[in-house]
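In: Provided below for reference: sequence and predicted model.
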Amino acid sequence: MRQEIIRKAIHLSISSFIPLAYLFSNIPKFWMVILLGIASIAIVIIDLGRNHYKWLSKTFEILFNGMLRSHELAGKLTGASYVFIGSFISVLIFPKDIAILALLFTAFGDTAAALYGRKFGKLRIWDKTWEGSIVGLIVCFIIVMFFPQIPNLIKFSGAFAAMFIELLPIKVDDNLRIPLFSGIVMYSLSILFI
């Protein structure tokens, strides 16, 4: 559990920094997309490079020993790559408020669901727990309160969408599917009802 807490702390710090920087800075969308695009390419190159360069593989092993999932150890992309890819795509295709909210659902909702579910979850559904998903949803509901400019239907639907897609046993990393699915739901509703 200790390694999972460390992993989630790193995940939370990186995945929350991106939307919070976008929210509180005056960086125009164009430049945010460029920065995230460059960062995504760099992270993916490093991530893939560890499969080809022993020194890079050893560095990963030293820095992240015990925190990588089995598929990441087997050479697949790490969660960090998906955080940047998901952030890049979200900022590129969604309006600013929706992109930020979708990314915050990933950062805080997913982290809360995972930690609470692993520690206290009893009622399993697929590889997750109901308890974790409910706590993740509560966290997402708290987050939406900080976005009064987004209509309730849109932001609460986005929160439900985020935790629904997090719960499903889909073989796509949470850091990609949560912001994209919740963002699509919120953006679609904003087009339909506004």
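Out: Done, it's in.
In: C-terminal to the helix or strand of the chain with the lowest mean pLDDT, what's the next element?
Out: Ranking every helix and strand in the chain by mean pLDDT, DSSP states H and E puts helix 70-73 at the bottom, with a mean of 68. Next along the chain after helix 70-73, taking DSSP states H and E as the criterion, comes helix 79-93.
In: Can you list the buried residues in that next one?
Out: Of the residues in helix 79-93, 79-91 count as buried by neighbour count, 16 or more other CB atoms under 10 Å. In short, each C-beta sits where N, CA and C put it, glycine included.
In: and if you look at stretch 156-176?
Out: Residues 156-159, 161-163, 165-167, 173-176 are the ones in stretch 156-176 that count as buried (16+ other CB under 10 Å).
In: Quickly note the distance from Tyr116 to Gly132.
Out: According to CB to CB, to the nearest Å, Tyr116 stands 5 Å off from Gly132.
In: Tell me how far the nearest residue to Val33 once chain neighbours are set aside lies from Gly37.
Out: The shortest distance from Val33 to any non-neighbouring residue, by CB to CB, 6 or more residues apart in numbering, is to Leu92 (5.1 Å). Going from Leu92 to Gly37 by CB to CB gives 8 Å.
In: same check, this time on Met145
Out: 31 Å.
In: now swap in Tyr53 and tell me
Out: According to CB to CB, Tyr53 and Gly37 sit 24 Å apart.
In: Also Ile93?
Out: As judged by CB to CB, Ile93 and Gly37 stand 13 Å apart.
In: returning to what we had before: mind checking which of Met145 and Gly37 has more residues around it?
Out: Neighbour comparison, Met145 and Gly37: the larger count goes to Gly37, with 16 against 8 (by other CB atoms under 10 Å).
In: Enumerate the positions of the longest helix belonging to the chain that are buried.
Out: Longest helix in the chain by number of residues (criterion: DSSP state H): helix 2-24. If you call a residue buried by 16+ other CB under 10 Å, then helix 2-24 has these buried ones: Arg7, Lys8, His11, Leu12, Ile14, Ser15, Ser16, Ile18, Pro19, Tyr22, Leu23.
In: If anything else comes up later, I'll come back, but that's it for now.
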